[in-house]
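Q: predicted structure and sequence below. I'll ask about it afterward.
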Amino acid sequence: MDLNHCTPVLFVKDAQKARSFYEGLLGMTVVADFGGLNLVFKEGFALWQIMDGNIIPEKLGRENIENSKSVSRFELGFETEEIDDIFKTLKENNTKFLHEMNMELWGQRTIRFYDPDGHLIEVGESMPFFLRRIYNEEGQNLEATSQRTFTPVDVLKQILGL
């Protein structure tokens with residue numbers, strides 16, 4: 001079996017409202033727009049506003065697709081070196097948060113929030129960014145950084161270019 005080109009898809013009530021959120025607020029880029037109802041983003045996911053007559057709501061029930069109050073079973077995860085700026089922008093735009101800035105057990109700072117359809121999104125510091133920060137906080141001690149971040153020393157050396 002040869003499967004390829006996996007695209008995570010979020011079902012949304014209003015594709016244009018969702019587009020405004022992802023494109024306008026988060027600065028992502030639409031690379032394909034199929035009639036305003038199916039949008040593909042450069043960042044590796046798609047949004048689908050399910051049309052009437054589609055088999056998906058027939059099988060799942062439209063109420064299950066559009067229920068933004070249901071518990072999130074997955075999240076879209078992104079990395080950045082600009083987490084403070086992103087957090088500020090989200091706060092200024094009254095975004096609903098699962099949690100605001102959080103220091104994960106391994107030292108990475110993350111925020112988790114919801115898009116207009118209730119999909120969970122995580123933005124965390126990029127691996128090289130947070131590992132470099134921890135490495136400096138630990139006095140450039142690889143063993144201490146490894147212990148604190150649960151990252152093997154050989155992987156740290158590779159990521160940090162040491």
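A: Great, that's in hand.

Q: what lies in contact with stretch 56-74?
A: 11, 13, 50, 98, 114, 116-120 (C-beta atoms under 8 Å, 6 or more residues apart in numbering). C-beta here means a position set from N, CA and C on the backbone, and glycine is covered the same way.

Q: mind checking which of those residues are buried?
A: Among those, those buried by neighbour count (16 or more other C-beta atoms under 10 Å) are 11, 13, 50, 114, 116-120.

Q: before we move on, back to that, report the two of the contacts of stretch 56-74 separated the most.
A: Comparing all pairs in these by C-beta to C-beta, the longest separation belongs to I50 and L98, at 24.7 Å.

Q: please enumerate the helices of the protein.
A: Taking DSSP state H as the test, the helices found in the chain are 15-19, 55-60, 62-66, 83-92, 127-137, 142-149, 153-160.

Q: give the buried residues for the second one.
A: Under the neighbour-count criterion of 16+ other C-beta under 10 Å, helix 55-60 has P57 buried.

Q: from the centroid of the protein, which residue is nearest?
A: G77 (2.8 Å; C-alpha atoms, centre = their mean).

Q: circling back to that earlier point, so which of the buried ones among the contacts of stretch 56-74 are in strands?
A: Of those, the ones assigned to strands by DSSP state E are 11, 114, 120.

Q: other residues contacting stretch 90-99?
A: Applying C-beta under 8 Å, 6+ apart, the set of residues contacting stretch 90-99 is 25, 72, 100, 111-114, 120.

Q: can you tell me, leaving aside adjacent residues, what's nearest to V40?
A: Sequence neighbours aside, A32 is the residue nearest to V40 in space, at 4.0 Å (criterion: C-beta to C-beta, 6 or more residues apart in numbering).
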